[in-house]
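Asker: model this:
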Amino acid sequence: MQLFPAKLSHPNGFKIDLDESQLLIGFTENIDKKDILSVLGLEGLFTKDNKHPLNQSGFEEWIQLPSDISAREDVINKIGSVELGTIVDYVAPVYQYSEAGRVSYMAVLPNTLLISYLDKDPDKASQLEKEILSRYQLSTNKEKSALLRLIGYKLYETPANHSALEIGQALINDYPKRIEVEYEIKPQSCMLGDEQPPDQKYAAKDFGWHIGQIKAIGAWQIIPSDLVNSPIAVLDTGCCNPILNLLPGISLGTLEPSGEPIDICGKKIHGTQCAIIAAGKKYAAERTTGIAAGFPVIPVAFRKVTDLEVTLGILHAAKTGARVINMSFGQGANDGTVLWNKHLINKAIQHAYSKHRVFLCAAAGNSGQAIMAFPASHPLVVAVGATHRQDKRLDISNYGGHAQNGISVVAPGKGINALNTCAYPDENRPLTGTSASSALVAGLAALILAINPDFTPGEVRDFIEVNAEKVRPDVYNYNQKNSNGLWNAEVGYGRIDVFQTIKSVLEK
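Answerer: Numbers count the residues shown, from 1 in each chain. Model (predicted):
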């Protein structure tokens, strides 16, 4: 069992402490955890209440170690035994960050290491890489490095007997000012929104209430028929294909096809729901679900929901031709503490925005706090909040900030229909929260770019914000003047108006 440092400096600028009572185990297969429990002799795995599910899939498990030191060592020895050796991929340390009585947990994955070579002379950088590979027995992950090179990094896998933390610290000491080293970080709390159980109280005509609310039907009637549809990348749990026009997808765990759904924190259909809300085909006359109905969707499926996977997902989507990336997830929505490496993800966002002219939107968060989740808080990402039928902010929707990195617009987010998901055919599985709202904005952005693919992501944002409806002036005082008009901290520039936005685009 590897030893891990008791304290670390987090790349976002704060200190984190090793929590010796927890571990994250990664598996080579999507397995039944009950078998592992019996082998380890544990009565139960570390779980939280349903309100705060864990960020894990069948490929990993957070475990609570026994409080007795000898019993704890026995469990650790069993994890490294031959019996489990073929299915255990890694054992990651868990670190905690404490502030103002709040504690956040994260794992630092021990088998991956990112390095950026700072030598401007490519020959010197290449020679240094060869030296490091030989000295530390690292192996290059060629597929992922091919994407990470776009932002100046390469990804390496560490030997079994040495952790990324151990090697990374040695590299920093041995090659100061010649390299930058980053680790792969996985927050413990789930960052995906909530689906709802089947809801039979709405009649079929009410399934798409949000369509009327945002005036989408009028927009569809004036949109030209000869559009070149802009692909929407859905960076999420993967998508299946009942009423979606799916392009080839990818799993971020392997960078291999096909982007099929994976159950992460019990939300297997979350990605499919978001894709249907953005671009589902017309299922029936009264059940048109997607704002950009039938537009192509690129499913980009998480496996671990780490900062590395977010980075790779954005880079892959941009490289494969997506003009819109929907990110219906967020980190730091409760207290503003972002555990992902923001520096890494920020580089991917900047690359997609500047080099590939990609429009990026993200869920503002579902904690009801005056805080933007990340990456919604990034100034190049459109942060989307949620409203209900009365055009008021949904109580769980995050808000606040300022116009440059706060809430941009709001969109319906209460019981938004996602009919005919692959797991529940012919069943209404509504989605509630800012995840649904972000997907609606992604669909609107795709419509704008289909009318004029030459628009920059900044111009697309301008159209959406300028033409947003100033809903409920009796409740919200739009008194802050910003670049695209009057703004309010709870609902931004207002609730999206698809008809007015498309009309404005066609008139330009």
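Asker: Low-confidence ranges, this structure, go.
Answerer: The chain contains residues with pLDDT under 70 at 1-2, 37, 39, 41-52, 81-85, 193-207, 283-288, 403-404, 419-421, 423-428.
Asker: show me what contacts the residue nearest in space to the middle of it?
Answerer: In the chain, the residue lying closest to the centroid (CA atoms, centre = their mean) is Phe329, at 4.5 Å. Applying CB atoms under 8 Å, 6 or more residues apart in numbering, one finds that Phe329 lies in contact with 191-193, 235-236, 305, 362-363, 435. Placement of C-beta: from N, CA and C, glycine included.
Asker: Please repeat the previous calculation with a cut-off of 6 Å.
Answerer: With contact taken as CB atoms under 6 Å, 6 or more residues apart in numbering, Phe329 is in contact with 191-192.
Asker: go on, Ser437?
Answerer: With contact taken as CB under 6 Å, 6+ apart, Ser437 is in contact with 384, 386, 411, 413.
Asker: Count residues in the vicinity of the third one, would you?
Answerer: Using other CB atoms under 10 Å, the number of residues around Ala411 comes to 30.
Asker: quick one: it from Leu394, how far?
Answerer: Ala411 sits 10 Å away from Leu394, going by CB to CB, to the nearest Å.
Asker: is it true that Asn484 touches Phe463?
Answerer: No. With contacts counted by CB atoms under 6 Å, Asn484 stays clear of Phe463, the gap being 9.3 Å.
Asker: List the buried residues in stretch 450-462.
Answerer: 450-451, 455, 457, 459-461 (16 or more other CB atoms under 10 Å).
Asker: Can you tell me which of these is nearest Ile325?
Answerer: When the buried residues of stretch 450-462 are compared for distance to Ile325 (CB to CB), Pro457 wins out at 9.8 Å.
Asker: And the closest one, how far from Arg135?
Answerer: Relative to Arg135, Pro457 is positioned 42 Å away (criterion: CB to CB).
Asker: quick one: the residue nearest to the centre of the chain and Leu147, what's the gap?
Answerer: Between Phe329 and Leu147 the computed distance is 20 Å (CB to CB).
Asker: Next: Thr28.
Answerer: To Leu147, Thr28 is 23 Å away according to CB to CB.
Asker: Out of those two, name the residue with the larger neighbour count.
Answerer: Each of Thr28 and Leu147 had its neighbours counted (other CB under 10 Å), and the higher figure belongs to Leu147 (21 against 11).
Asker: The more buried one in helix, strand or coil?
Answerer: Three-state call for Leu147 (DSSP: H, G, I helix; E, B strand; the rest coil): helix.
Asker: Which residues are in contact with it?
Answerer: Contact analysis of Leu147 by CB under 6 Å, 6+ apart lists 312, 315-316.
Asker: go on, Leu252?
Answerer: Contacts for Leu252 (CB under 6 Å, 6+ apart) come out as 302-303, 309, 312-313.
Asker: ok so, going back, out of the buried residues of stretch 450-462, list just those in helices.
Answerer: Using DSSP state H to define helices, the subset of the buried residues of stretch 450-462 located there is 450-451, 457, 459-461.
Asker: Please name the residues that touch the residue nearest to Pro457 when sequence neighbours are not counted.
Answerer: In space, and not counting its chain neighbours, Pro457 is closest to Phe359: 4.1 Å by CB to CB, 6 or more residues apart in numbering. Contact analysis of Phe359 by CB under 6 Å, 6+ apart lists 324, 445, 457, 460.
Asker: Using TSV, please lay out the contacts of Ser437 together with secondary structure.
Answerer: Listed next are the contacts of Ser437 as TSV, based on three-state DSSP:
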residue	secondary structure
Val384	strand
Ala386	strand
Ala411	strand
Gly413	coil
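Asker: name the element Glu180 belongs to?
Answerer: When elements are assigned from DSSP states H and E, Glu180 belongs to strand 179-187.
Asker: who are the neighbours of that strand, in terms of helices and strands?
Answerer: For strand 179-187, the contact count by 3 or more CB pairs under 6 Å, 6 or more residues apart in numbering; DSSP states H and E identifies strand 102-117, helix 164-174 as packing neighbours.
Asker: which residues sit against that strand?
Answerer: Around strand 179-187, the neighbours that count as contacts under CB under 6 Å, 6+ apart are 55, 106-109, 112, 114-117, 164, 168, 171-172, 304, 306-308, 331, 339-341, 344.
Asker: Check the residues you listed for burial and list the buried ones.
Answerer: By neighbour count, with 16+ other CB under 10 Å, the contacts of strand 179-187 hold 55, 106-109, 112, 114-117, 164, 168, 171, 304, 306-308, 331, 339-341, 344 as buried.
Asker: What ranges does this structure have for its helices?
Answerer: Remark: helices of the chain, listed N- to C-terminal, are 33-40, 69-79, 82-85, 122-136, 142-148, 164-174, 209-213, 216-222, 270-279, 307-319, 342-355, 434-451, 457-466, 498-507; assignment by DSSP H.
Asker: most packed of these?
Answerer: Across those, the average number of neighbours (mean count of other CB atoms under 10 Å) peaks for helix 270-279, which reaches a mean of 32.
Asker: circling back: ok, so what distance separates the residue nearest to the centre of the chain from Asp236?
Answerer: Distance from Phe329 to Asp236, counting by CB to CB: 7 Å.
Asker: And Leu247, by the same measure?
Answerer: According to CB to CB, Leu247 stands 15 Å off from Asp236.
Asker: which one of the two has more residues nearby?
Answerer: Asp236 (32 against 16).
Asker: Skipping its backbone neighbours, what lies nearest that one in space?
Answerer: Leaving aside its sequence neighbours, Asp236 is closest to Gly271 (3.2 Å, by CB to CB, 6+ apart).
Asker: Make sure the one you found is actually in contact with Leu235.
Answerer: No. Here Gly271 does not reach Leu235: they are 8.3 Å apart, not a contact under CB under 6 Å.
Asker: List the contacts of Asp17.
Answerer: By CB under 6 Å, 6+ apart, the contact set of Asp17 is 7, 96.
Asker: domain assignment for the protein?
Answerer: With domains defined by automatic domain parsing, the chain comprises 7-107, 109-187, 194-507.
Asker: circling back to that earlier point, who wins for proximity to Gly280 among the helices and strands packed on strand 179-187?
Answerer: Taking CB to CB, strand 102-117 is the member of the helices and strands packed on strand 179-187 nearest to Gly280, at 34.7 Å.
Asker: The closest one packs against which elements?
Answerer: Secondary-structure packing of strand 102-117 (3+ CB pairs under 6 Å, 6+ apart): strand 88-99, strand 154-157, helix 164-174, strand 179-187.
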